[in-house]
Structure formats: C-alpha cells, structure tokens
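A.B. asks: can't give you the sequence, but here's the structure:
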C-alpha cells in the first residue's frame, strides 16, 4: 500500500487536470490511499470522489479575509494548523505537489514524506523541483507554443519517474506508460461517454478569464442558432461576471426556442455543473475549465483554440475535437491577455458545419484527441498525422549542449545575458547564479516582455528566479535562447536600444 | 475582467513583513525554518495569495 498526498489548490481547471492524472495513477495502484489538498475555489470538485481517502481543505480565502480585516499572521496561523492537522500527524510514502506556486513548497516541507514530486525544500539547496518531468513542466513557458506534450501527461511522467526510481543519468523515461484508463472523473450512470443521441444536448461556454481564449459572443449566438434549428438542446454557461453576455441572445430567440435554450451564468455550484455535464452529449468551449469539466464528465468536447496550445492543455481523453486557429504573427498575440485575431476570424458557420455535417473548417486545423503509441495523449488530423510530431521527437531527443553557444548569439545583449546564465548554470551545479547576472537577466527579460508583450518570457524567469537552482532548467533555457534567436532572425527584429547597455556576465 | 485587481488587497503589517522577508531569505540560503516558522510563513503566503476567483471571475458559486 502506498500513501500519498496531492497538492493542487486552484484554479478549477488545474484541479481537474490533476485529478485526471492522479485517478489514472490510482487505477494502476489500486491499494494506494490518497489525500487531496485543495482550496475553497475548487473544493466541491474534489469532495465525494470515491478513490480519495480524504480531502483536506485549505482555508485560503478565510486567511485572506482575516488579513484584510487587520488580523496578524500569528492570529491566523492556528486556523490553518487546524485544517492541516490530518496531514501533519502522519507519514506519507509520496508527496505529490503539482502546484507551481512557491508556498506549495512550504506546505510540503511541513509533511513527513519519503519521496516527493514537484516543488519542495531541501536543506542546503533551498527550493528544488523534484523529478525531471516536473522541472520541465515548471520551465514550460520557455517554449510553450511548441510544447508537444499534455500537462496531464507531464504529471503522469513525473509519477512514473518516481516509480522507476531515481537515476540522474537518465533524463527522460516514458516507454513504460500505457494508455490511461479511465480518464473520466465523474462517470455517467446509464450510458458510456461519447454516446451521442440523435438530438444532441450541448453546453456552450462562451466566456474565458483570458481574452486570448475568447471567441466573439456574436459567433456563439450564430452557432447556437444553427444548432437549435437543427434540433439540438443547448445550455449556455458562464461566470457571474459574464452574465451580461446573456443579452447577446435576442429576446425573440430566447423565447422562440423555449426549453431547448437555457442559460446559467454564475448560478451553478461545481456539483451542479458536474451534474449538468453528465446530462449533456457535447461541451463546446474555448480553452477553459468548462472544457476540462466536459472531458471529466464524459462529454464529447469541441474546443476552440486561439492563443494557447491544445497539445499542452487541450481536452484530455480520446475522441475529443480541437479546432486550432493559426497563431497570430509574432509577437502581438502570443500573450493570452490580448484578443486573438485568428480565433476571432473563425466563422460560426464553419463550426456549425463541423458539428452538424462533420465538415472540417477551412480556416482552422481540426484535430481529434487520441493516444500515442507510448500512452501519451496526442492530436491527430484526418490524415492520421500527429500534431507536432517533429517537435515531439526533437524534444525527447534534445539535450543541453554547452558547446553550441554561438558568438552571434552572444552579440545580442539579451541573448548574451541568457547565454551567460547558461554558462554559469552549467559550470556550477548547486550554486545560484551571480547576482549581477541575475539582475541583467531580469532587466533584459522585463524589457523584452514590455517591448513584445510576450508575457511568458517573464514568467519563465519568475519561476527561475524564485529561488529554484537554475541548473535543472538549463536545457530549457538553451531551448529558449535558441527560440529567441530564431525569432529574431525570422522576424528581422532588433532589440530595442534600451537593451544595448545590459552587462555581460562579469564572472 | 481577468486583469482586474481586487479593491483592497490584503497587506501585512510592518512586523509581519520583516519576519516574512527574513524567512524567505533564510529559505533561499537553504536553511530550513523550524516547524512553527514554516506554518507561519505558509499562513502569510496563503493570506496574501490571489486567485482568479479573488479577481472576480467566478464560474461556479
């Protein structure tokens, strides 16, 4: 019997993805006992799952409210200690921290654990990321767009790495993974997942917290009209803040279709949302928590992807569909915080044609989710070609190569700073990078992010500078340097003048 | 909508701020706080953390 705790406090979509990976791990280790630590934001999603021994709630909102009301931390500490009591009084074989925030390491440091996955603390080293795969996941923003592996598969690979035992000389091991069973977290009572009825019932989820993931509301209205006219029954969902979207549906349309069209904006609990998912055949959404919930409840998912990468965060399981629009020209819309022109250009009639007649839209790549031969999820087109196949192979096979530093790269201030960090990281395994180099890197990254709106650039360094030794991230940094260099070459861009004075590594 | 910051984000008082800074530096240097200090720091970080839901994006109520 293996005892394990899992930490994934929020957001709800991330919690669902964690559950899918852990469920599969539990399926392969049925005698394991698993405790799940989750915040109030997503607690309802986890409560009642039969293969979890207990759910340990984090009173984050309560602590936040207490601090806002002027209470000191020492006053609030007792409340947290009470919540964590079940964790603090026992030993676990495995601590699985899938959360990337720094405080996840502080929590895991409090728990007696034999083996760890994810961010943690080690005496003498500070914050470290346990397992190669979690290190790569945490450095993912480096090459997010080209990422060929699903985040859930990263979790599975990290857990597999633990199962195989620690072997630092072996960078990547995935051959022993098998197709996960099951992937539906909330199974249906009476019918198998994906069994579509003659008159399909669908949830349409038009909103998103991120602008770059939103398809225009007018498109959603047009799509819903086409589906309703074909006899579909639709439920439109969204957050309370998005309730004004309801007004986009003309009153005559809302009245005309009667019970075939209903709306839930901020009116459902997670438990009710899960129940709703189980009653529907389709979930049609952008890259949102609703998409993950659709997959977790056995809906067939159609996901509309703009700025984000469906290989990394698409619907998990087999038989879902993704419409992936072209990426906008670099750099304007790589950020999720700005609207995505190509997603906006995706016509609602094209989406309706796919749903009603199976016709692939002309302006987007149509993918179906399937299992790769070695048990990872992939996206496959109608010709049987896998998305990112070359990238996948290159990624598996890539290794950091200190000798590949190019003088041409070093001639650019930003790339020079990156290269200096790389050289330093590769020469000093356990020590931190020299502060002047970090400062140069940080300034270069901030300026680059400000100039290009490429926010992921900064995020990658936010992680690296958080106190985690840079050495494990070296291969990712190298990939990132290569990517930046290639981008600059392709786009013919030059760095802004303000970057020209950044110091090279003084060491 | 996604970038809206809550109107009154919680703040630490001066004493707590200094204690937090000291513990963060200690951790960065690889020196483990004691159990009580870990719990204190975790409480502080949780109380200061902000999620999408805190920023007003509530999909479920």
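C.D. replies: Perfect, thanks for sending it. All values derive from a computational prediction rather than experimental measurement.

A.B. asks: residues contacting the residue nearest to residue A:220 when sequence neighbours are not counted?
C.D. replies: Nearest residue to residue A:220, sequence neighbours excluded (Cβ to Cβ, 6 or more residues apart in numbering or on different chains): residue A:206, at 4.1 Å. From N, CA and C alone the C-beta is placed, and that goes for glycine too. Taking Cβ atoms under 8 Å, 6 or more residues apart in numbering or on different chains, we find residue A:206 in contact with A:214, A:215, A:217, A:220, A:236, A:238, A:242, A:245, A:286.

A.B. asks: Could you list which residues are in contact with the fifth one?
C.D. replies: When you say that, I think you mean residue A:236. Here residue A:236 is in contact with A:203-206, A:220, A:224, A:245-246, A:249, A:261-265 (Cβ under 8 Å, 6+ apart).

A.B. asks: Buried subset of those, written for PyMOL?
C.D. replies: In PyMOL syntax, the buried subset of the contacts of residue A:236 is picked out as below (16 or more other Cβ atoms under 10 Å in any protein chain shown):
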select buried, chain A and resi 203+204+205+206+220+224+245+249+261+263+264+265
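
A.B. asks: Let's see which of the contacts of residue A:236 end up in strands.
C.D. replies: When DSSP state E defines the strands, the subset of the contacts of residue A:236 inside them is A:203, A:204, A:205, A:261, A:262, A:263, A:264, A:265.

A.B. asks: The first one touches residue A:238, doesn't it?
C.D. replies: The one in question is residue A:203. No: in this structure, residue A:203 is not within contact of residue A:238 by Cβ atoms under 8 Å, at 10.5 Å.

A.B. asks: Tell me if I am right that residue A:120 is in a helix.
C.D. replies: No: using DSSP: H, G, I helix; E, B strand; the rest coil, the assignment for residue A:120 is strand, not a helix.

A.B. asks: Now for it, how many residues are close by?
C.D. replies: Using other Cβ atoms under 10 Å in any protein chain shown, residue A:120 is surrounded by 22 other residues.

A.B. asks: Okay, and the beta partners of it?
C.D. replies: In this entry, residue A:120 is beta-bridged to residue A:128, by DSSP bridges.

A.B. asks: so who does it touch?
C.D. replies: Residue A:120 neighbours (Cβ under 8 Å, 6+ apart): A:95, A:97, A:105, A:108, A:109, A:127, A:128, A:129, A:130.

A.B. asks: Tell me the pLDDT of it.
C.D. replies: Residue-level confidence at residue A:120 comes out at 90, pLDDT.

A.B. asks: Then the one 10 residues further on?
C.D. replies: Looking at residue A:130, its pLDDT stands at 84.

A.B. asks: Centroid-nearest residue for chain B?
C.D. replies: residue B:45 (2.3 Å; Cα atoms, centre = their mean).

A.B. asks: If I follow the layout properly, that residue ends up in contact with residue A:103?
C.D. replies: Yes: with contacts counted by Cβ under 8 Å, residue B:45 reaches residue A:103, the gap being 3.7 Å.

A.B. asks: I'd say residue A:307 and residue A:336 touch.
C.D. replies: Yes: with contacts counted by Cβ under 8 Å, residue A:307 reaches residue A:336, the gap being 5.0 Å.

A.B. asks: what sits in contact with each of the two?
C.D. replies: Common neighbours of residue A:307 and residue A:336 (Cβ under 8 Å, 6+ apart) are A:210, A:212, A:213.

A.B. asks: Closest to chain B out of those residues?
C.D. replies: Closest approach to chain B among these (Cβ to the nearest Cβ): residue A:210, at 5.6 Å.

A.B. asks: Just want the residue of the stretch 101-250 of chain A that's nearest chain B.
C.D. replies: residue A:103 (3.7 Å).

A.B. asks: Counting neighbours, what do you get for that residue?
C.D. replies: By other Cβ under 10 Å, neighbour count at residue A:103 equals 21.

A.B. asks: Also residue A:371?
C.D. replies: 17.

A.B. asks: Same question for the one 4 residues further on.
C.D. replies: Residue A:375: 18 surrounding residues under other Cβ under 10 Å.

A.B. asks: Could you do residue A:125 as well?
C.D. replies: Counted with other Cβ under 10 Å, residue A:125 comes out at 16.

A.B. asks: Now do the same contact list for residue 20.
C.D. replies: You didn't say which chain, so I picked chain A. Applying Cβ under 8 Å, 6+ apart, the residues near residue A:20 are A:152, A:180, A:183, A:185, A:295, A:296, A:316, A:317.

A.B. asks: Chain B, not that one
C.D. replies: Remark: with contacts taken as Cβ under 8 Å, 6+ apart, residue B:20 is in contact with A:73, B:12, B:41, B:44.

A.B. asks: Need the max-distance pair from those.
C.D. replies: Greatest spatial distance in these: B:12 and B:41, 11.3 Å, computed using Cβ to Cβ.

A.B. asks: When those two are compared, which one has more neighbours?
C.D. replies: Per other Cβ under 10 Å, whichever of residue B:12 and residue B:41 has more neighbours is residue B:41, with 25 against 17.

A.B. asks: which ones are touching the closest residue to residue A:101 other than its chain neighbours?
C.D. replies: Setting aside the residues directly before and after it, residue A:101 is nearest to residue B:49 in space (Cβ to Cβ, 6+ apart), at 7.0 Å. Contacts were defined as Cβ under 8 Å, 6+ apart; by that measure residue B:49 touches A:60, A:64, A:101, A:103.

A.B. asks: And for residue B:37?
C.D. replies: residue B:23.

A.B. asks: same deal with the one 10 residues further on?
C.D. replies: Applying Cβ under 8 Å, 6+ apart, one finds that residue B:47 lies in contact with A:60, A:63, A:64, A:66, A:67, A:73, A:76, B:10.

A.B. asks: Next one: the third one from chain B, what distance?
C.D. replies: From residue A:64 over to chain B the distance is 5 Å, taken as Cβ to the nearest Cβ, to the nearest Å.

A.B. asks: Grab the nearest non-local neighbour of residue A:216.
C.D. replies: residue A:344 (5.7 Å).

A.B. asks: swap that for residue A:16, please
C.D. replies: Per Cβ to Cβ, 6+ apart, closest to residue A:16 is residue A:292, 4.2 Å.

A.B. asks: Name the next helix or strand downstream of the helix or strand the one you found falls within, please.
C.D. replies: Using DSSP states H and E, residue A:292 sits in helix A:289-296. Counting by DSSP H and E, the next helix or strand C-terminal to helix A:289-296 is strand A:300-305.

A.B. asks: Averaged pLDDT, whichever helix or strand comes after that next one. What do you get?
C.D. replies: Using DSSP H and E, the helix or strand that directly follows strand A:300-305 along the chain is helix A:310-313. Helix A:310-313 carries an average pLDDT of 88.

A.B. asks: So which elements touch helix A:310-313?
C.D. replies: strand A:377-380 (3 or more Cβ pairs under 8 Å, 6 or more residues apart in numbering or on different chains; DSSP states H and E).

A.B. asks: what about the strand it packs on, average pLDDT?
C.D. replies: Rounded mean pLDDT across strand A:377-380 is 90.

A.B. asks: Equivalent analysis for stretch A:45-61, please.
C.D. replies: 96.

A.B. asks: buried ones in it?
C.D. replies: Buried residues in stretch A:45-61, counted by 16+ other Cβ under 10 Å: A:45, A:46, A:49, A:52, A:55, A:56, A:57, A:58, A:59, A:60, A:61.

A.B. asks: so the fifth one, which of the three states?
C.D. replies: Reducing the assignment to helix, strand or coil with three-state DSSP, the entry for residue A:55 is strand.

A.B. asks: correct me, but it touches residue A:46?
C.D. replies: Yes: Residue A:55 lies in contact with residue A:46 (Cβ under 8 Å); the separation is 5.0 Å.
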